[in-house]
Every structure is written in C-alpha cells, then in structure tokens.
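# the following block contains a protein sequence and its predicted model.
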Amino acid sequence: MSKIHLYVLIAAMFLVEQISAQQKYTLSGVITDGTNNETLIGVNIVVPALKVGVTTNEYGFFSITLPEGMHSINISYLGFVPIDTEITLTENIRRNFAMTVGGEMLEEVVITEKQSTNIRTPEMSVNKLSISTIKRMPVVLGEVDVLKSILLLPGVTNAGEGASGFNVRGGGADQNLILLDEATIYNSSHIFGFFSVFNPDAIKDLKLYKGGIPPRFGGRASSVLDIYQKEGNSKEFHMNGGIGLISSRLLVEGPIVKDKGSFLVGGRGSYAHLFLKFTDNENSAYFYDLNTKMNYKLDDNNSLYLSGYFGRDVFNLDGSFMNIYGNATLNLRWNHLFSDKLFSNLSMIYSDYYYGLELDFVGFQYDSGIKNYNIKYDFKNYISNKLRLNYGVNAIYYDFNPGKISPRGEDSGFNSRQLEKKYAFEPAAYIEAEHNLSDKISLLYGLRYSMFYRLGSSTENIYADSPVTFDEQLQIYEKATPIGSRTYGANEVMKSFGYAEPRAAISYTISENKSVKASYNRMIQYLQLVSNTSSPTPLDVWTPSDNFIEPQIADQVALGYFTNFMDDTYSLEVETYYKKVQNRIDYIDGADLIANEALEQVILNGRMRSYGLELLLRKNTGKLNGWISYTLSKSEQQTPGRTAAETGINNGQWYNSVYDKLHNLAVTSAYSLSDKWNFGANFVIQSGQPVTYPNSQYQYQGITVPSYGLRNDNRLPAYHHLDVSATYTPKPEKKKGWQAEWVFSIYNLYNRYNAASISFRQNAETGINEASRFSIFGIVPAVSYNFKF
C-alpha cells in the first residue's frame with residue numbers, strides 16, 4: 001500500500017470517528033400558557049447558531065434533534081414573552097415550557113410582538129387570526145363573530161348582510177370544510193346568517209386554508225376552516241362572560257386535578273325576542289349553544305380529551321310556524337407519545353345536523369338532517385430537523401335523512417311519510433413530508449387517497465337514457481320518467497369511487513425577509529349541498545355522490561411573493577391562483593328541491609373556474625396595527641349541453657357564479673390610545689352580487705309576464721360599510737379578582753342601506769314597472785359589557 005493510500009485511509013478513519021463523536025440527541029416537550037396550562041399551537045422553537053427550528057403541533061408538542069453539547073434555545077409566540085434558555089444535551093431530554101403573557105388585559109392574548117409573515121416555510125394561502133384580534137373588531141349588534149372576521153381576509157367573501165356561510169376564492173359555501181375540534185359543522189350560522197355558531201370565549205385557535213391544503217384534510221373542494229376550542233384552566237377556577245343588547249354568554253373553567261386535568265363549560269343565548277312579548281307580539285327568533293371540554297393527563301405519554309358542542313336556533317311565527325335547527329358534535333381523543341420523535345392522536349367523532357319545521361296551519365311536521373361517525377388516527381414522525389412525516393387514516397360513515405313528514409293534529413290531511421334515507425362510507429389514508437432541502441428551499445409534499453361507497457338499503461330509479469331529458473321544440477329541460485327501479489340491500493354497494501389527491505408546495509428564500517412560494521392541491525368532494533340559493537339556508541339538504549351525481553374534483557395552483565420589511569414592522573403577501581372544479585351541479589329551470597326523492601331529475605353536471613390576485617399588507621407593531629386586503633378575482637360556471645342539440649344552461653356559455661366578486665377591498669385597524677382606551681375600525685367595499693334581472697315583458701291573458709336575460713348577467717349595487725368600536729377598561733392595572741371592560745360599537749356608521757336583493761313589480765296606481773330594494777341593516781349602534789374573574 002502506497003503512502004498516499006495510507007494517508008487517505010487514516011483521514012477517512014479520523015472523519016468517521018469525528019462523525020460518530022458528534023452524537024445527536026432529541027429535545028422534546030409541550031409548551032403551555034403559564035397562567036392556565038393551555039397548550040399553545042404554532043410556537044417557534046429555534047436554535048439560532050444552527051439555523052434550525054420547529055413549531056408546536058395542534059397539541060403543543062415539539063421535537064427537535066440537536067448535536068451533543070450546549071445550545072441556546074429561543075422560544076417565541078405572538079403575544080407572549082420570549083424564552084431564551086440554554087440546554088446541555090448529553091441524552092434525550094423531555095422538557096416542558098410555560099410561557100408568560102406579554103401584557104395582560106381582558107382578552108386572553110394581546111399583540112405585543114411582531115406578527116411577521118413566515119418566510120421560510122412552504123405554507124401559503126393560509127390565514128390565522130388570534131381571538132384577541134377578532135374580539136377587537138367592530139361587528140353588528142356588538143356580538144363578536146368568528147366568521148365575520150375572516151371576511152376581512154383576501155379571497156374570502158359572502159353573499160352579503162344576513163347571509164350565512166362564506167365563500168373562498170370563488171367557491172360555494174358548501175365547498176368549505178368547517179371543523180370544531182375536528183368535528184364537522186354543517187351549518188355555521190345562527191339566526192339565518194346574522195351570527196356564527198362559534199362562541200369566541202371558548203375558541204383557542206383558528207386557521208383558514210384557502211390553498212396548499214395539507215393531505216390530512218379532505219372532503220371539500222375549496223377550503224378548510226380549522227378551529228380548536230380551549231382546554232380549560234388546570235391551575236385555577238375562573239369565569240368570564242359578556243352581556244350584550246341581544247345576547248349574553250358565560251364561560252366557566254377550572255381544574256379537575258390541578259396541573260393534570262381541567263374542564264370548560266361555555267353557554268351563550270339570545271333574548272331579544274323576550275322584548276316582543278311586552279308588545280303582544282307572539283313571534284320570536286332566538287338561539288342558544290353550549291361548548292364543553294374536559295382533558296386529563298394520564299402520564300407523560302398519554303392524555304385524554306373529551307369535547308362537545310350543542311346549538312339550536314328557534315324561529316316561531318305566532319305559534320303556527322316553527323323552525324328549529326342546529327348542530328351537535330362530540331369528540332373523544334387520545335394523545336400518545338410512542339417516543340420523543342413519534343406523536344399520535346386517535347379521535348372518535350360524532351357530528352349531527354338537524355332541521356325541523358312545524359306548520360300547524362296546514363298540520364304537518366318536517367324533520368331532516370345528516371349524521372356522521374368518524375374515526376381517525378394521525379401520526380407525526382420527527383425523522384430529523386430536515387424531514388418530518390405526517391401520516392394517518394380515517395373513515396367516516398354517513399347517515400342522510402332527506403326528510404320525514406308527520407301529521408300534526410287530528411285534522412291534519414297529511415299521512416306520515418319518510419323519504420328514503422341514504423347511507424355512505426368514506427375511508428381515506430394520507431402521507432405528507434415536510435422537507436427542508438437546504439437553507440433556501442423547503443418542500444411540503446404528500447398524497448391523500450380517498451374512497452367513497454354509496455350504500456343501501458335504497459331503491460334507485462332506472463331510466464331509458466338519462467334522468468333529465470331535453471325538449472328540442474320548447475328548448476327546455478324536463479324530468480324523465482323512470483322505466484323501473486332497482487332495490488339494494490342494507491350496506492350493499494350501489495356505487496364506489498376512488499381518487500388520488502396529490503398536494504405539494506415549495507418555498508424559495510430569496511433573502512432573510514423575502515421568499516417566493518408555489519403550491520398545487522387536488523381536493524375531492526363526495527357530498528353535495530342541494531340548494532339553489534346564493535347562500536346556505538337551514539332547509540338545504542346534503543346528498544351523497546351516486547350513479548347520477550359525480551364527486552366534485554377541484555384542482556388549484558397558486559404562486560406567491562412574501563416579504564417582511566422595516567424591521568418586520570410591515571408584511572406583504574401577494575398571491576395569484578387558478579382553480580377549476582369538475583362536476584359542479586346545476587339545476588334545470590323550475591327545479592323543485594324540497595322533499596324531492598328523485599333529485600337526479602332536476603340536476604345537470606357543469607364545471608366551475610375561478611382565478612384572481614390577492615394582496616395582504618399588514619402593520620404588525622406599534623399603537624396602530626391592522627391590515628389592508630384586496631382581491632381582484634373572477635368566478636364562473638358553465639353547464640354546456642350534453643349533445644349538439646341541447647342548449648345547456650345560459651346557452652352553454654360561461655356565466656358569473658353567484659359567488660363572483662370582481663373587487664373586494666377590506667381595511668381593518670386597531671389603535672391603542674392608552675391602557676384604558678382601545679379603538680377599532682373596519683371598512684369593506686366589494687362588487688355587487690351577480691343576479692338575473694328581467695330585460696323585457698309580455699302579456700298573457702291580461703297578466704304581465706317578465707322575460708329574463710342571461711343568467712347572472714346583472715349585479716346588485718356595490719356593497720360597502722364602515723364600522724367603528726371603542727373599548728374602555730376602567731381598571732387596566734387590576735390583574736386579580738373582577739376585571740371588566742365596556743365595548744361600544746357602531747356598525748355601518750354612515751347608514752348605508754346595502755341591497756340584499758332587488759325585486760321588480762308593477763305599481764298598482766301608475767301601472768309603471770319599478771324596482772324595489774330590500775335591505776337588512778342601516779346604522780346599528782351597540783354596547784356590551786365583558787367581565788372575568
């Protein structure tokens with residue numbers, strides 16, 4: 001052996017020895033709020049010298065692997081005092097950290113640190129709002145509203161005042177997956193859209209995914225709104241609440257066993273209808289809901305959580321018409337640590353949406369709803385600081401009740417009738433990698449594979465050709481007549497589907513304060529909301545995909561530029577996106593959707609597309625902070641004819657969807673004048689909602705009949721309003737005992753009467769046709785009193 005080879009061998013052996021000597025160990029633990037032991041989601045744990053870091057998961061857990069030796073660790077989270085500590089690693093260490101709120105006021109969290117944009121992670125098209133930010137926003141009637149707050153974000157709109165749900169990047173409200181502690185919420189609004197079902201006092205964390213949606217989520221085509229409830233204070237007993245003009249709320253929390261278990265119970269209800277009784281008015285409309293949660297730490301590796309929600313709305317017209325509807329959920333979860341690098345969560349979830357209608361003046365009761373039973377098992381594997389894997393499985397069983405009609409009273413002319421129930425099963429598995437390729441390039445990539453089985457027992461119509469026929473002479477679509485039927489037994493598969501849903505995102509860091517990101521995701525939606533209104537109503541019915549209704553398939557790409565500047569005082573996010581959806585259902589003219597057992601006879605398959613540009617400029621620090629968001633977008637739908645002879649909808653041309661808002665500008669701000677006074681303001685202006693107006697008329701047997709133009713070719717007037725609020729804290733220095741604040745707000749300061757709809761009629765006196773605007777709100781002042789002790 002030559003001397004050169006010998007030197008090379010010695011050098012190699014020395015290198016191997018040095019590498020082996022550089023032993024690595026894992027630091028893991030849970031990060032909590034030191035005042036109440038609430039786990040904190042998304043806390044940053046960074047080792048500056050090594051330029052590595054991680055964030056806590058949905059249960060406050062983190063895991064980071066470092067070389068042997070001493071390391072300086074920086075732990076930071078919005079609204080909390082940062083922790084700088086030194087840790088010597090000679091073995092795997094489990095260490096929990098408790099953070100201190102940076103400046104306590106009545107809100108749970110106050111912004112005292114910079115909320116700068118995360119430059120390096122590939123996560124994009126995601127917005128997170130703190131509950132303290134939401135509570136400072138002025139809202140209608142003084143009722144803090146989680147859903148109304150996200151309407152101030154780019155790419156998010158709704159159908160206007162009093163409209164339920166929300167629309168994301170031109171999609172329908174039914175295309176949003178809304179989760180409360182992992183349980184599906186099917187109707188997110190109280191009082192037909194005036195308020196949301198989420199009690200702000202019980203909410204811990206809120207995150208909206210508009211694109212780049214992680215593979216663990218599925219089942220909807222547009223977005224995911226992921227909301228977690230607070231766990232309850234395991235240190236001390238506390239109560240907090242608020243008294244408003246139309247509703248009040250109260251939340252109680254405390255330890256079951258100090259530092260090991262806690263409970264939370266929150267109630268909310270409206271009472272404005274009680275004042276009607278003083279005027280001999282028998283009508284009423286009110287809501288109530290209940291949030292509950294318990295958790296218990298069995299040991300360092302195991303924790304149990306039990307959470308639930310129950311809400312109801314009651315609408316009563318003089319006792320002759322009563323409408324009751326609402327959600328109920330229950331979730332039992334088990335967190336387990338297999339090791340310092342493997343975290344797991346097993347959940348068993350029940351969701352129920354009920355809709356009831358009682359019509360005493362005609363003598364019948366109508367009940368419908370949807371239930372689902374979900375089991376899911378998720379894992380997070382911290383392979384290394386450069387690679388983390390998320391994977392899991394879940395399975396959902398659906399029970400659809402399209403409607404049951406029951407007679408009310410002895411004189412009822414109705415017979416009891418149960419519309420045929422529908423059943424379905426949706427299993428799925430997913431895997432995702434969080435991969436840091438280098439200091440500049442980070443990836444998120446994964447795959448979800450979902451399946452869907454439409455199950456019996458059920459009877460299905462058979463048609464000669466299609467359930468919808470086209471009359472070429474009259475140029476209209478009509479219901480086809482079944483030529484027979486087929487009966488399926490219990491749990492017999494009527495139709496099955498299976499789809500791969502790839503997801504990917506990449507981030508390229510240009511500098512410490514600038515990056516560009518891109519993402520792609522495919523989402524499959526197997527459930528359809530049967531509705532021909534611009535926003536969801538309680539009467540809308542969910543139905544599964546089957547032999548006649550195909551699943552919606554959504555593909556979205558997005559590209560973005562992100563920057564922090566002026567020492568992170570300001571952040572700018574610019575994103576552009578393109579989304580297309582296959583198999584978006586539309587309805588033939590004159591479609592009857594209520595209590596229809598043959599929906600396939602009124603449905604046509606179409607497609608959607610939406611594209612746009614979103615800008616979000618935020619001021620993160622100082623006495624004045626807030627953001628400006630602007631969206632320039634287009635949302636269109638097309639239902640072409642199935643053959644050359646068919647006209648399709650709107651002559652087969654693309655037309656504005658009811659969710660299309662070309663321009664959408666929102667400005668929100670918060671100003672801290674002193675410890676006692678804080679002010680907030682919102683301004684919103686957006687293009688009017690697309691509608692279809694009559695463009696001519698004709699006479700038929702002395703009756704004037706309007707003739708309508710192309711679908712959604714007109715618009716309501718532009719929608720805009722300015723809202724302001726002032727919060728007064730009498731004793732800001734008081735940190736113990738009774739603490740209180742007054743919130744004064746004015747919704748729609750300049751009394752703009754935005755059009756909810758415009759109808760056309762003939763003036764009885766002049767005989768001239770005229771348009772009539774229907775508006776819901778003018779100026780609305782409000783005051784509320786909030787307290788905690």
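Noted; the coordinates are in hand.
# residues contacting the spatially most central residue of the chain?
When CA atoms, centre = their mean is applied to the chain, the residue found nearest the centroid is Leu225 (2.2 Å). Contacts for Leu225 (CB atoms under 8 Å, 6 or more residues apart in numbering) come out as Ile150, Asn176, Leu177, Ile178, Leu179, Leu206, Lys207, Leu208, Tyr209. All C-beta atoms are positioned from the backbone trio N, CA, C, and that covers glycine.
# which SS state does the closest residue to Met608 other than its chain neighbours fall under?
Among residues not flanking Met608 along the chain, Val581 sits closest, at 4.1 Å (CB to CB, 6 or more residues apart in numbering). Following DSSP: H, G, I helix; E, B strand; the rest coil, the label given to Val581 is strand.
# go ahead and confirm Val581 touches Arg607.
Yes. Using CB atoms under 8 Å, Val581 is in contact with Arg607, at 6.3 Å.
# which of these two has more neighbours?
Val581 (24 against 18; other CB atoms under 10 Å).
# pLDDT below threshold where in this protein?
Scanning the chain for pLDDT under 70 picks out 1-22, 103-117, 140, 162, 273-281, 361, 411-413, 532-539, 702, 767.
# need the longest strand for it.
In the chain, with assignment by DSSP state E, the single longest strand is strand 387-407.
# buried residues of it, list them for me.
388-392, 394, 396-398, 400-406 (16 or more other CB atoms under 10 Å).
# do the same with stretch 368-380
Those would be Ser368, Gly369, Ile370, Lys371, Asn372, Asn374, Lys376, Tyr377, Asp378, Phe379, Lys380, for stretch 368-380 by 16+ other CB under 10 Å.
# who's in contact with the second one?
The neighbours of Gly369, taking CB under 8 Å, 6+ apart as the test, are Asp352, Tyr353, Tyr354, Tyr355, Asn401.
# can you map out the strands along the stretch 201-350 of the chain?
203-209, 223-229, 238-243, 247-257, 261-270, 284-299, 302-317, 321-339, 342-359 (DSSP state E, counting those that start in this stretch).
# correction: the stretch 351-500 of the chain
Using DSSP E, counting those that start in this stretch, strands in the stretch 351-500 of the chain cover 364-381, 387-407, 417-418, 422-436, 441-455, 458-462, 468-471, 476-479, 484-488, 493-511.
# pick the one among the buried residues of strand 387-407 closest to Ile134.
Asn390 (27.8 Å; CB to CB).
# identify the bridge partners of that closest one.
Lys380, Glu432 (DSSP bridges).
# spit out the contact partners of it.
Counting by CB under 8 Å, 6+ apart, Asn390 touches 214-216, 378-381, 430-434, 446.
# most neighbours, which of these?
Of those, with other CB under 10 Å as the count, Pro215 tops at 26 neighbours.
# thought that one was touching Ala433?
No. With contacts counted by CB under 8 Å, Pro215 stays clear of Ala433, the gap being 9.9 Å.
# shared neighbours of these two, which are they?
What both Pro215 and Ala433 touch, as defined by CB under 8 Å, 6+ apart, is the set Asn390, Gly446.
# please indicate which of the contacts of Gly369 has the highest neighbour count?
Going by other CB under 10 Å, Tyr355 tops the contacts of Gly369 with 23 neighbours.
# quick one: the nearest residue to that residue once chain neighbours are set aside from Ser368, how far?
The shortest distance from Tyr355 to any non-neighbouring residue, by CB to CB, 6+ apart, is to Tyr325 (4.5 Å). Note on Tyr325: its distance to Ser368, by CB to CB, to the nearest Å, is 9 Å.
# what do the two both touch?
Common neighbours of Tyr325 and Ser368 (CB under 8 Å, 6+ apart) are Tyr354, Tyr355, Gly356.
# now render the contacts of Gly369 as TSV, adding distance to Gly626.
Listed next are those as TSV, based on distance: CB to CB, whole Å:
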residue	distance to Gly626
Asp352	38
Tyr353	35
Tyr354	39
Tyr355	38
Asn401	45
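# closest one of these to Ser442?
Using CB to CB, the contacts of Gly369 come closest to Ser442 at Tyr353, 38.9 Å.
# next one: phi and psi at the closest residue to that closest one other than its chain neighbours?
Leaving aside its sequence neighbours, Tyr353 sits nearest to Tyr186 (CB to CB, 6+ apart; 3.7 Å). With angles defined as degrees, to the nearest 10, Tyr186 sits at phi -90, psi -30.
# got it, and Ile191?
phi 50, psi 50.
# just Ser132 next, same as before
Torsion angles, degrees, to the nearest 10, at Ser132: phi -60, psi -40.
# got it, and Asn199?
phi -80, psi 110.
# thought it was touching Leu251?
Yes. Asn199 is within contact range of Leu251, at 7.4 Å (criterion: CB under 8 Å).
# check contacts around Asn385.
Contacts of Asn385 (CB under 8 Å, 6+ apart): Val52, Val54, Ile64, Thr65, Leu66, Asn436.
# in strands only, show me those residues.
Short answer: these in strands (DSSP E) are Val52, Val54, Ile64, Thr65, Leu66, Asn436.
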